[in-house]
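>>> Dropping a prediction and its sequence here:
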Amino acid sequence: MTLRRAYVGLGSNLDAPALQIEHASAMLLREPRVASLRLSRLFRSPPWGPVAQPDFVNAVAEVACSMSAPALLRLLLDTELRMGRARRERWGPRRIDLDLLWHEDGPFEAAGISVPHPRLAERAFVLLPWADLAPECAIPGQGRVADLLEGVDCAGVVPLP
């Protein structure tokens, strides 16, 4: 079995967000095709968008798995559903949000989802936890995580104790 490395963004701002991230991580690890998962520190970040809502808790997981990028994406979406994620409004509050950020197999696009995410370089709530795990990771067409982090405003995104 060939293992592939991938990075997954995790976020929550409902129902004990830190526990939701821990629960999602545990669910992913129970998947037989996931060999290991290493989680960054947790970070608190202000919400994006026009909807009034609580702050988010965010993390990034480094995953070693035997899945292609589309298969891992399906697993992430299925995990969100099993955890009760309801997609009601864009940038709205959510119990769990699992985003495939990068996959060793390279860039891909499916069902309107691009991997790597085209706006990663703008998001401190993704780059700070990712740099916690893999600052040297190179994102195709965008650059190294550590370099991208230097170009974003990290105000308001703080590690949880």
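That came through, no problem.
>>> residues making contact with the helix or strand bottoming out on mean pLDDT in the chain?
Ranking every helix and strand in the chain by mean pLDDT, DSSP states H and E puts strand 108-110 at the bottom, with a mean of 86. Applying C-beta atoms under 8 Å, 6 or more residues apart in numbering, the set of residues contacting strand 108-110 from outside is 69, 70, 73, 114, 115. (Glycine included, C-beta is placed from N, CA and C.)
>>> Adjacent strands (with direction) for that strand?
Here strand 108-110 has these sheet partners by DSSP bridges: strand 113-115 (antiparallel).
>>> Would you mind identifying the next helix or strand past the partner strand?
Downstream of strand 113-115, the first helix or strand assigned by DSSP states H and E is helix 124-133.
>>> Name the residues that touch the very next helix or strand once past that following helix?
Using DSSP H and E, the helix or strand that follows helix 124-133 towards the C-terminus is strand 138-139. The list of residues contacting strand 138-139 from outside it, by C-beta under 8 Å, 6+ apart, reads 102, 116, 120, 121, 144, 145, 148.
>>> residues contacting the closest residue to residue 160 other than its chain neighbours?
Setting aside the residues directly before and after it, residue 160 is nearest to residue 42 in space (C-beta to C-beta, 6 or more residues apart in numbering), at 4.4 Å. Under the criterion of C-beta under 8 Å, 6+ apart, the contact list for residue 42 reads 18, 21, 57, 58, 59, 129, 159, 160.
>>> Between the two ends of stretch 82-92, what distance do you get?
Using C-alpha to C-alpha, to the nearest Å, the span of stretch 82-92 from its first residue to its last is 19 Å.
>>> repeat for stretch 151-161
25 Å.
>>> Flag every buried residue along it.
Neighbour-count burial for stretch 151-161, with 16 or more other C-beta atoms under 10 Å as criterion, is recorded at 152, 157.
>>> low-scoring pLDDT stretches of this protein, where are they?
Low-confidence segments of the chain, defined by pLDDT under 70, are located at 87-91.
>>> what about the helices in it?
Per DSSP state H, the chain carries helices over the ranges 17-30, 69-82, 124-133, 145-150.
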